[in-house]
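# Just to be clear, the model below is a prediction. Sequence and coordinates:
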Amino acid sequence: MAADSTKKPLDILVLEGDGIGPEITAATLDVLSSVNTALGLGLSFSSAEIGFASLKKNGTTLTNAVVERALAADGIILGPVSHNEYPPVAEGGINPSGALRKRLDLYANIRPARSRPGFPPRCGKPCDLIVVRENTEGFYADRNMYIGPGEYMPTPDLALATRKVTRQGSMRICETAFQLASVRRKHVTVVHKANVLRVSDGLFLECARAVAQKYPDIRVEEQLVDSMAALLVRDASKFDVIVTTNMFGDILSDEAAEISGSIGLAESLNAGTDYAFAQAQHGSAPDIAGKDLANPSSLIGSAAMLLQWLGERHKRDDLVLAAAAIEAALDAAISDAATRTRDMGGVLGTKAFGAQIAKQAGQLSS
């Protein structure tokens, strides 16, 4: 299918990252290139160095030039980074993921946990839920101060951390959650710890209740975060959209992803009003880097989420169709042991699995 000349070309900035990042990013680009050709999406891809490659070359893991390119791009693919291994920030060790979330104001981290057909969940029944995680505040020290980190040590024996919860941040993440629930199963679970964190989580809960008043057709329940962790293990199928603060959302989304099947399948989209980037929910796995062992499903699925976001933003059905084709191709491959990667009991390596998804997604798009 030829590209529609009336469609605005979309520039996708690709940041490979560290560890397995280059391998799973290459597989993801194979898939995106396939649907791009099949549907004439008009996507163009450019790349820039971040992480250790950038540190070696530029003295920093994230240059200002890359940030400017991210601000100019229509969408971003971000591979996993080994930020825990970076030197201190003063020596160039910036966390690209956290810094880009802050600079692009990507306040919503959307993390689905969906069991795939033919691939059993780790516990309980198959589930299909989304954790909507506030992405710019909370206890994450690199995101909650204008200058300097949110952690500090007044003495060598005293460490303090600042938690930031704002009304604006809470209202907009809850609004995102309720909007998602309105097109799903109309059920929102608000997760908090206001019984102990009475002021900060109290404000978050107050905002969630205010937003809920605008959606009378949506069923709302409230759960303490510790209870929620237990309830997910008991039966994650009972939940639809879960909304919570930054750290709680990070922990619960990893738990939900593993319960649904594997964190290796866990998709993730960081989104704001004007920008979004696809990012695998898992880490950089340096121990298997370069061995063709990594499962690229998470980043491939995250790229599909980015296409969905772009399709809704630009009112383009072809991008939405491409996203659906990629998800259908992932379902088909994961349902059959012969077309899975080794971590899922299959035989395929990273490249072969990416090629399989690219071929099938392209066929489904045609």
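Ah, there it is. Residues are numbered from 1 along each chain as shown.

# pLDDT score for the most far-flung residue of the chain relative to its centre?
Centroid-distance maximum for the chain: residue 155 at 36.7 Å, with CA atoms, centre = their mean. pLDDT, residue 155: 97.

# Just grab the bridge partners of it for me.
residue 158 (DSSP bridges).

# Tell me how far it lies from residue 161.
As judged by CB to CB, to the nearest Å, residue 155 and residue 161 stand 15 Å apart. C-betas here are computed from N, CA, C, even on glycine.

# same check, this time on residue 93
19 Å.

# On the pLDDT front, check the residue nearest the centre of the chain for me.
Central residue of the chain (CA atoms, centre = their mean): residue 268, 1.8 Å from the mean position. In this model, residue 268 is scored at 97, pLDDT.

# check contacts around it.
Residues near residue 268 by CB atoms under 8 Å, 6 or more residues apart in numbering: 109, 110, 111, 253, 278, 279, 280, 281, 298, 302, 305.

# mind listing the helices for this structure?
21-39, 51-58, 64-72, 96-103, 167-182, 200-212, 225-235, 246-260, 297-314, 317-334, 350-365 (DSSP state H).

# Any stretches of this protein with poor pLDDT?
The chain contains residues with pLDDT under 70 at 1-6.

# quick check: domain ranges of it?
Using automatic domain parsing, the domain ranges for the chain come out as 9-110+264-366, 134-250.

# which of the ones you listed is buried the deepest?
Burial of these is given as mean neighbour count (mean count of other CB atoms under 10 Å); domain 9-110+264-366 ranks first at a mean of 20.

# Quote the end-to-end distance of that one.
Start to finish, the residues bounding domain 9-110+264-366 are 20 Å apart (CA to CA, to the nearest Å).

# And the closest residue to residue 320 other than its chain neighbours, how far from residue 295?
In space, and not counting its chain neighbours, residue 320 is closest to residue 311: 3.8 Å by CB to CB, 6 or more residues apart in numbering. Going from residue 311 to residue 295 by CB to CB gives 26 Å.

# Repeat that for residue 216.
With CB to CB as the criterion, residue 216 and residue 295 are 42 Å apart.

# do residue 146 as well
Distance from residue 146 to residue 295, by CB to CB: 38 Å.

# So what sits opposite residue 276 in the bridge?
residue 271.

# okay but it is in contact with residue 270, surely?
Yes. With contact defined as CB atoms under 8 Å, residue 276 counts as touching residue 270 (6.4 Å).

# Touching both of these two, which residues are there?
With CB under 8 Å, 6+ apart as the test, residue 276 and residue 270 both reach residue 106.

# Quick one: residues contacting the residue nearest to residue 247 when sequence neighbours are not counted.
Once flanking residues are discounted, residue 247 sits nearest to residue 139: 4.7 Å by CB to CB, 6+ apart. Neighbouring residues of residue 139 by CB under 8 Å, 6+ apart: 150, 161, 163, 246, 247.

# And the third one, its phi and psi?
It stands for residue 163. phi -110, psi 130 (degrees, to the nearest 10).

# Roughly how far does residue 249 sit from residue 298?
17 Å.

# same question, residue 15
Separation of residue 15 from residue 298 (CB to CB): 16 Å.

# same check, this time on residue 347
Using CB to CB, we find residue 347 at a distance of 19 Å from residue 298.

# do the same with residue 189
23 Å.

# now swap in residue 277 and tell me
According to CB to CB, residue 277 and residue 298 sit 14 Å apart.

# likewise residue 110?
Separation of residue 110 from residue 298 (CB to CB): 13 Å.

# Residue 57 now?
From residue 57 over to residue 298 the distance is 27 Å, taken as CB to CB.

# Kindly provide the distance from residue 323 to residue 353.
19 Å.

# same deal with residue 210?
Counting by CB to CB, the gap from residue 210 to residue 353 is 45 Å.

# cool, and residue 309?
Taken as CB to CB, the span from residue 309 to residue 353 is 24 Å.

# ok, now residue 345?
Residue 345 is 13 Å from residue 353, by CB to CB.

# what do you get for residue 119?
If you go by CB to CB, the gap between residue 119 and residue 353 works out to 14 Å.

# for residue 214, same thing?
From residue 214 to residue 353 the distance is 43 Å (CB to CB).

# cool, residue 29 as well?
According to CB to CB, residue 29 stands 14 Å off from residue 353.

# again, but for residue 70
28 Å.

# now residue 76
23 Å.

# same deal with residue 150?
39 Å.

# can you pull the contacts of the residue nearest to residue 43 when sequence neighbours are not counted?
Among residues not flanking residue 43 along the chain, residue 36 sits closest, at 4.6 Å (CB to CB, 6+ apart). Residues near residue 36 by CB under 8 Å, 6+ apart: 42, 43, 322.

# Name the nearest of these relative to residue 290.
Looking at the contacts of residue 36 and their distance to residue 290, the nearest is residue 43, at 27.4 Å (CB to CB).

# got the contact list for the closest residue to residue 173 other than its chain neighbours?
Closest residue in space to residue 173, ignoring its immediate chain neighbours: residue 134 at 4.3 Å, by CB to CB, 6+ apart. By CB under 8 Å, 6+ apart, the contact set of residue 134 is 107, 108, 109, 169, 170, 173, 244, 245, 246, 249.
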